[in-house]
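Novice: Next one to model:
(2 chains)
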Amino acid sequence: MGPTAPVIDAGLSKYDPLGRILCFDRFDSTTHGWTELIGNYNGRGDLSTVDEHMRDFRPPQLSSCSFFDVGTHGTLSGNYALKLATRARRGHTATGIRRLTMAGRGLVRIEAYFAFKAEATVGRELPASVAWDGNRHPSEAQFGAFTVATDICADNGVRYHNVIRYQNTNLAGEMTQQWMYPVVPEPTPRDHQEGKFALPYAADFTAPDPDDWRYFDKPLELCVNEVPTKINWHYLRWDIDTRTRSNVELRLNDRVMDMRDVPVPVYPDRYSTLDNLLNFYFSVRTHADIRNFLFLDSVLISVDW
Amino acid sequence: MTMRSTMTAVLERAALVNDELATEPYELPWAQEARFFVQAHELTGTLELTTEISPDGLTWCPADVPQVRVETPGMTSWLVTGFGQWLRVRCRVSGDETPAARLRIYLVGKS
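Specialist: Residues are numbered from 1 along each chain as shown, chains lettered A, B, ... in the order given. Model prediction:
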C-alpha cells in the first residue's frame, strides 16, 4: 500500500512538496502569476527596442483542452489548463514565467502535471518523420521541445539559470526524445546592448547555438498517445539547490535522474536590480511550421527553508 | 460573491499589416465577455476589423459583431459576448496605393 491520500485535498495529494509551499497553482481561476516573458525595452516604453528574438513569446491562455474531433477534453484537476502556444513558424517559442524572490537558500522543488501536443492538421498534412500506421502518427514528430528553467540572481549579482529541456525532435524533425541542458547562460538584453550578440526572430532564446546543448540521461519515451487530440498528464518533479547553485534531481513519472553532475552555467559578469530573484519559466518551441502547445494542469513550487 | 476573473492578452505589439492579418487563435472558454482594443500606431488607408470565432481553433467564422472601420490612427475597442471558446480578429487594410497599418492588439476577457 502506498501513502494514504488525504481526503481533504485531492489536488495536493498528487504532489510531493518540500516543507514550505510557495505556490500551488491550479488554473481554474486565473493564470496565477504565470505570464508572458518579454525582453527589456528603453525608457520611452518603445517596444522596438526589445531584442528581436524576445519580443513575441505569446500570451498564456486558459484552455479547456478542446479539439476538433472530441470537443472538450478537460484537464487532470478541473476545467482549465494553462496553455502555452507557439506560432506556426519553425523555431518560434512561447513562454510562461513566474516571478518570485528567495527568502532563504537551499532546496527548491518545482512540480507540475503537464501534457504537450502539436496542433492537429485537418484536411492537410505536413511533412513528418513518422508515418501513420494506426498506432503512431505524424503529429508525434511535429512537436519540438519543451523547457523548464529558472532565472536566479543573488549574493551580489551572481546570476544563473538551471535549465532542463525535453527535446522530442531535433531541428531536422527526427525523433530524439532526450533531456538536454545548455552549457552557456542565456543571452541577455544587456549582452545585446553591449554588442555581444544580435539574434534573429525565432532564435532559441535559452541558448541559441545548438552546439551549446548536451544530452543527459537515456532517451525517454513519453505518453503522446497516438494522435494530437488525446491528452495524458505527466508528472514532473525537479529539485535544485540555490545554496550550491546546482541541479539535484529530475523525476518524470517513474524515471528518476540524478542531476548533480549536470552543470549550471553562471554569468561571468554581475547583474543589478535582481537581488534574490527566483523566476521559473516553462517554454515550448516548435521545430516545424506548426503550432506546438504545452498544457500545464497545475504547478507547485516548494522549498526547504 | 465570487470576485470575477479578468485577463489581458497582448495579441500583437507592433504588427505591420499591408494587406490582411488574422491574430493567433486565443482561447477564452472561461469568459462571459471579451473586449478587443486595437491601437493603430500608424495607418495609411482604411482598416477593417472583423471579429471571428471558432469551436476548435482551426476553422473560423464571423462573430455576431459588426465590422469595425478605422480611418485614423488611435485606439478603438468593441465588446464581444456569447462567443464560445476561441476568438481572433481579422485586420484588413485597403483604400490607398500603399495601405499600411501598424497595430497593437489587446484582448481582455472577463468571467
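
Novice: and the gap between the residue nearest the centre of chain B and residue B:62?
Specialist: With distances taken as Cα atoms, centre = their mean, the residue of chain B nearest its centroid is residue B:89 (3.5 Å). From residue B:89 across to residue B:62, the span is 11 Å (Cβ to Cβ, to the nearest Å). C-beta: built from backbone N, CA, C; applies to glycine.

Novice: do the same with residue A:122
Specialist: From residue A:122 to residue B:62 the distance is 20 Å (Cβ to Cβ).

Novice: returning to that earlier point: now do the contacts for the residue nearest to the centre of chain B.
Specialist: Applying Cβ atoms under 8 Å, 6 or more residues apart in numbering or on different chains, one finds that residue B:89 lies in contact with B:11, B:22-23, B:36, B:38, B:49-52, B:105.

Novice: Give me the buried subset of these.
Specialist: Buried members of the contacts of residue B:89, scored by 16 or more other Cβ atoms under 10 Å in any protein chain shown, are B:11, B:23, B:36, B:38, B:49-52, B:105.

Novice: Give the bridge partners for the residue nearest to the centre of chain B, please.
Specialist: residue B:51 (DSSP bridges).

Novice: Just the ones of the contacts of residue B:89 in strands?
Specialist: Of the contacts of residue B:89, the ones assigned to strands by DSSP state E are B:11, B:22, B:36, B:38, B:49-52, B:105.

Novice: so which of those residues comes closest to chain A?
Specialist: residue B:11 (7.1 Å; Cβ to the nearest Cβ).

Novice: you'd agree the closest one is up against residue A:36?
Specialist: No - between residue B:11 and residue A:36 there is no contact under Cβ atoms under 8 Å: 10.9 Å.

Novice: what about residue B:2, how many neighbours?
Specialist: 6 (other Cβ atoms under 10 Å in any protein chain shown).

Novice: Hmm, I typed the wrong one, I wanted residue A:119.
Specialist: Residue A:119 has 23 nearby residues by other Cβ under 10 Å.

Novice: Now for the nearest residue to it once chain neighbours are set aside: which residues touch it?
Specialist: The shortest distance from residue A:119 to any non-neighbouring residue, by Cβ to Cβ, 6 or more residues apart in numbering or on different chains, is to residue A:291 (4.0 Å). Counting by Cβ under 8 Å, 6+ apart, residue A:291 makes contact with A:85-88, A:118-119.

Novice: And for residue 29, the neighbour number?
Specialist: No chain was given, so I picked chain A. 15.

Novice: Switch to chain B, please.
Specialist: By other Cβ under 10 Å, neighbour count at residue B:29 equals 18.

Novice: Let me know whether stretch A:76-93 sits next to chain B.
Specialist: Yes - residues of stretch A:76-93 are located near chain B by Cβ under 8 Å from any Cβ of the partner chain, namely A:79-80, A:83, A:85, A:87.

Novice: buried sites along that stretch?
Specialist: A:76-77, A:79-88, A:90-93.

Novice: per-residue pLDDT, residue 68?
Specialist: In the absence of a named chain, this looks at chain A. pLDDT for residue A:68: 97.

Novice: please go with chain B instead
Specialist: Reported pLDDT for residue B:68: 98.

Novice: Please list all residues in contact with it.
Specialist: By Cβ under 8 Å, 6+ apart, the neighbours of residue B:68 are B:38, B:48-49, B:76, B:78.

Novice: ok so residue A:249 is a strand residue?
Specialist: Yes - under DSSP: H, G, I helix; E, B strand; the rest coil, residue A:249 falls within a strand.

Novice: residues contacting the nearest residue to it once chain neighbours are set aside?
Specialist: The shortest distance from residue A:249 to any non-neighbouring residue, by Cβ to Cβ, 6+ apart, is to residue A:239 (4.8 Å). Each residue near residue A:239 by Cβ under 8 Å, 6+ apart is listed here: A:107-109, A:247-250, A:259.

Novice: same thing with residue B:22?
Specialist: Applying Cβ under 8 Å, 6+ apart, the residues near residue B:22 are B:52, B:60, B:88-91.

Novice: Next to chain A, which bits of chain B? Give me the list.
Specialist: B:5, B:7, B:9-11, B:13-14, B:24-30, B:55-59, B:85.

Novice: which of those residues are buried?
Specialist: By 16+ other Cβ under 10 Å, the residues of chain B next to chain A give B:7, B:9-11, B:13-14, B:24-30, B:56-57, B:85 as buried.

Novice: Could you measure from residue A:275 over to chain B?
Specialist: 28 Å (Cβ to the nearest Cβ, to the nearest Å).

Novice: Just to be sure, that residue is in a helix?
Specialist: No - per three-state DSSP, residue A:275 lies outside any helix segment and is coil.

Novice: and the nearest residue in space to it that is not next to it in sequence, what does it touch?
Specialist: Spatially, and ignoring its direct neighbours in sequence, residue A:275 is nearest to residue A:154 (6.3 Å; Cβ to Cβ, 6+ apart). Contacts for residue A:154 (Cβ under 8 Å, 6+ apart) come out as A:102, A:105, A:242, A:275-277.

Novice: Let me have those in CSV, extended by neighbour count.
Specialist: Shown next, in CSV, are those (neighbours: other Cβ atoms under 10 Å in any protein chain shown):
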residue, neighbour count
A:102, 18
A:105, 17
A:242, 22
A:275, 13
A:276, 15
A:277, 18
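
Novice: Chain B: strands as residue ranges?
Specialist: B:6-17, B:20-22, B:26-27, B:33-44, B:46-54, B:61-62, B:68-70, B:74-81, B:86-94, B:100-110.

Novice: looking at the ones you listed, which is buried most?
Specialist: strand B:26-27 (a mean of 22; mean count of other Cβ atoms under 10 Å in any protein chain shown).

Novice: any idea how far that one is from the chain center?
Specialist: 12 Å (Cα atoms, centre = their mean, to the nearest Å).

Novice: Close to chain B: what parts of the stretch 101-250 of chain A are there?
Specialist: Counting by Cβ under 8 Å from any Cβ, the residues of the stretch 101-250 of chain A near chain B are A:119-120, A:122.

Novice: Using JSON lines, please lay out these together with pLDDT.
Specialist: JSON lines is the format used below for those (pLDDT from 0 to 100):
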{"residue": "A:119", "pLDDT": "98"}
{"residue": "A:120", "pLDDT": "97"}
{"residue": "A:122", "pLDDT": "96"}
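
Novice: Residue A:237 and residue A:259: what is the separation?
Specialist: For residue A:237 relative to residue A:259 (Cβ to Cβ), the value is 12 Å.

Novice: Would you agree residue A:108 is in contact with residue A:245?
Specialist: No - Residue A:108 is beyond contact range of residue A:245, at 11.2 Å (criterion: Cβ under 8 Å).
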